[in-house]
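Enquirer: The following block contains a protein sequence and its predicted model.
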Amino acid sequence: MSTSYIPRADEQASQAWVVVSDPKYRHFIGGAIGGMTAAIITSPLEVIKTRLQTKLGRSDMARACNQNLSTLNVLRTILRTESVFGLWRGITPNLLGVIPARAAYFGCYAKFKSLCNDQGFSGTATNFGSAAAAGCMTASVLSPIFVVKTRMQLMPTHVAQASVDVHMKTISQSLPVVGGKTLRLNLGGSGASIGLSPVQPASKFYSMHEVAYTMYKEEGARAFFKGLSASYWGVSEGAIQLALYEELKGRLDEPSKLQLFFLAGLCKLTAAAATYPHEVVRTRMRDQRTPTDGSLPKYRGMFQSIGAIYKAEGARGLYGGMPAHLMKTVPNAAIMYVVLEMVVES
């Protein structure tokens, strides 16, 4: 009577070490550790950037900051109105997305590059193509997690609060009343309307599964893949960054960790500045609620969204939150790449 063999603990550890010690697999682990470290450190700037990328978020922050939308002033305002935890809104889905995303991205990049090298292909074009393929795959698989993260980071901007909007000769006023309700009065040329709606306190922090459940219930499964076209456009950013990094690193003779830190930051700065509008479009598409009246959503695709934003807000709208984005993403990339190199070399 045959029995299946179960490896001992030391054999299992030895087998695991064989996998980890393979350079191709070490990219998975290095990407995961590097992405996690960088995401935690730069989370406050990620939140600020996301708030400033949407029109509603910018107007909400402008009122709270007395029209001074500098990164430092927005940071102080979030600390004052939402406490220190507001700077780490969405960190759970962010980590749940970043860790597997970076692991898969760098792992798949190393695998695709290795396969190309085996076929006799190498150079900058191969690095760019491998990075683009890895980016498209991770963006497709992990889109739901990043959509939920964006919704959580922008939640305070959707909370009903006292405000006056003048648009198309219509005045809309929202006022808090007793019982956790909001009284909304609309005055226009065609008449007036009044309504009472419930409102959640601005300080409430929703869990990841609550946000995901609400999205699915109200908007369906398609809501989890909003902004995917912009994500595919954004793959070019990562591909440019990684191809440029590999090219410049290859020209350095045994670069130090400090040199790699500044090199990774410079490559990220170049790639991010060249492709930034996709970040704004992706954020707005992810945050956009599906219309319940059967009308078309405002943002329906990458190029259509760019045109709509430019028409309504000009070039400034396409580059909203860029300083905060660069302040966040440049050190994020520098930290991540250095950690990746340390893990791969260890």
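Expert: Perfect, I can see it now.
Enquirer: can you pull out the helices in the stretch 51-200 of the chain?
Expert: Taking DSSP state H, counting those that start in this stretch as the criterion, the stretch 51-200 of the chain carries its helices at 55-64, 71-82, 91-118, 124-154.
Enquirer: With respect to Thr290, which of these lies nearest?
Expert: helix 124-154 (12.0 Å; C-beta to C-beta). (Each C-beta comes from the backbone N, C-alpha and C, glycine too.)
Enquirer: Tell me the gap between the closest one and the middle of its chain.
Expert: Offset of helix 124-154 from its chain centre (C-alpha atoms, centre = their mean, to the nearest Å): 9 Å.
Enquirer: and it, what other elements does it pack with?
Expert: Under the contact definition 3 or more C-beta pairs under 8 Å, 6 or more residues apart in numbering; DSSP states H and E, helix 124-154 sits against helix 23-52, helix 91-118, helix 208-219, helix 228-249, helix 277-287.
Enquirer: picking up where we left off before, including mean pLDDT, distance to Glu279 and mean neighbour count, could the helices of the stretch 51-200 of the chain go into CSV?
Expert: Formatted as CSV, the helices of the stretch 51-200 of the chain follow (pLDDT from 0 to 100; distance: least, C-beta to C-beta, whole Å; neighbours: other C-beta atoms under 10 Å):
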stretch, mean pLDDT, distance to Glu279, mean neighbour count
helix 55-64, 74, 13, 18
helix 71-82, 83, 15, 17
helix 91-118, 87, 15, 20
helix 124-154, 87, 11, 21
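Enquirer: Nearest to Leu228, out of the ones you listed?
Expert: Nearest of those to Leu228, taken as C-beta to C-beta: helix 124-154 at 5.4 Å.
Enquirer: quick check: angle from the closest one to helix 23-52?
Expert: 40 degrees (axes from the mean of the first three to the mean of the last three C-alpha atoms, to 10 degrees).
Enquirer: Now tell me which helix or strand of the protein has the poorest mean pLDDT.
Expert: strand 163-167 (a mean of 40; mean pLDDT, DSSP states H and E).
Enquirer: Can you give me the neighbour number for Ser122?
Expert: By other C-beta atoms under 10 Å, 11 other residues sit near Ser122.
Enquirer: roughly how far apart are it and Asn332?
Expert: Per C-beta to C-beta, to the nearest Å, Ser122 is found 28 Å from Asn332.
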